[in-house]
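J.: pasted the sequence and its predicted model underneath.
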Amino acid sequence: MTLEYSKHKTILLQILKDIYSDVSIASCLGFKGGTAAMLFYDLPRKSADLDFDLLDETRESDVFEKINKIVVNYGKITSSYMQKSNLKNVISYNPKAQNIKVEVNRRQFGSKYEVKIFLGISMLVMVQEDMFAHKLMAMYERIGKTSRDIFDVEYFARNNWPINKEIVEKRSGMGYRELLEKCIEKLEAMDNKHILDGLGELV
């Protein structure tokens, strides 16, 4: 699959705008992940998907159905399901292009969000320290599978982002320092020549 990013981003942002324009679900979703970091915190790479946290578990069915109705306006739904940990919709807007994934996480870790304005619309966006914590855990859990987490963690650290150590410890089940040591061990075991493999289309 190829990534013609100008078109991909246009569709991505239109879906985001439609989601937060729907007052019935806007307050139920906390925007997070790479696209949120790119749009609100100057992450210097492209991002291909939309990721949210579900803030009201009693509304999960309604949120899932509303997002499903939004994304179908922009392409063919190739995957759509509710799991214990997340709600997911994937669309294809072009058979030769990369799909767009809209995922809503159902797990609660006490993350915080703040209102930010984008495209004239209010959106609940995860605060920096919590975003850094979750991205560090994503890197730890997915090292060797995706390189974008490594890129993001390095960027957050180099720019002195604060980090919520409590979230790291809650997600990992270990102390913060122990988790860092394990991350270092995994990174040092990787081949430096391939540490950012697969990131080419996103930078």
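T.: Cool, the structure landed. All figures in this text were calculated on a predicted structure; none of them were measured in a lab.
J.: what's the domain layout of this structure?
T.: Per automatic domain parsing, the structural domains of the chain span 1-126, 127-203.
J.: least reliable of those domains going by mean pLDDT?
T.: Mean pLDDT is lowest for domain 127-203 among those, at a mean of 87.
J.: what residue is smack in the middle of the protein?
T.: Residue closest to the average C-alpha location in the chain (Cα atoms, centre = their mean): G33, at 2.5 Å.
J.: can you give the contact residues for the top helix by length along the chain?
T.: For the chain, the helix with the greatest residue count under DSSP state H is helix 5-21. Defining contact as Cβ atoms under 8 Å, 6 or more residues apart in numbering, one finds that helix 5-21 is touched by 25-26, 29, 31, 35, 46-50, 66-67, 70-71, 73-75, 93-94, 97-98, 100, 102, 118-119, 121-123, 201. Just so you know, the C-beta spots here come from the backbone N, C-alpha and C atoms, and that holds for glycine as well.
J.: before we move on, what about stretch 34-42?
T.: With Cβ under 8 Å, 6+ apart, stretch 34-42 has contacts from 12, 16, 43, 45-51, 116, 118, 125-126, 128, 131, 135, 148, 152.
J.: just the buried residues of it, please?
T.: Neighbour-count burial for stretch 34-42, counted by 16 or more other Cβ atoms under 10 Å, picks out 34-41.
J.: where do the helices sit along the protein?
T.: In the chain, the helices defined using DSSP H lie at 5-21, 33-41, 60-71, 128-142, 148-158, 165-172, 176-188.
J.: any chance of those in CSV, plus distance to R106?
T.: Supplementary listing: these in CSV, determined by distance: least, Cβ to Cβ, whole Å:
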stretch, distance to R106
helix 5-21, 16
helix 33-41, 15
helix 60-71, 7
helix 128-142, 14
helix 148-158, 21
helix 165-172, 14
helix 176-188, 23
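J.: which stretch among these comes nearest S79?
T.: Distance to S79, taken as Cβ to Cβ, is lowest for helix 60-71 among the helices of the chain, at 10.8 Å.
J.: tilt between that closest one and helix 5-21?
T.: Put simply, helix 60-71 runs at 140 degrees to helix 5-21, going by axes from the mean of the first three to the mean of the last three Cα atoms, to 10 degrees.
J.: you'd agree V125 is up against Y113?
T.: Yes - between V125 and Y113 there is a contact under Cβ atoms under 8 Å: 6.0 Å.
J.: for those two, list the residues in contact with both.
T.: 30-31.
J.: R148: neighbour count?
T.: For R148, the neighbour count with other Cβ atoms under 10 Å is 22.
J.: for M123, see how far away it is.
T.: 22 Å (Cβ to Cβ, to the nearest Å).
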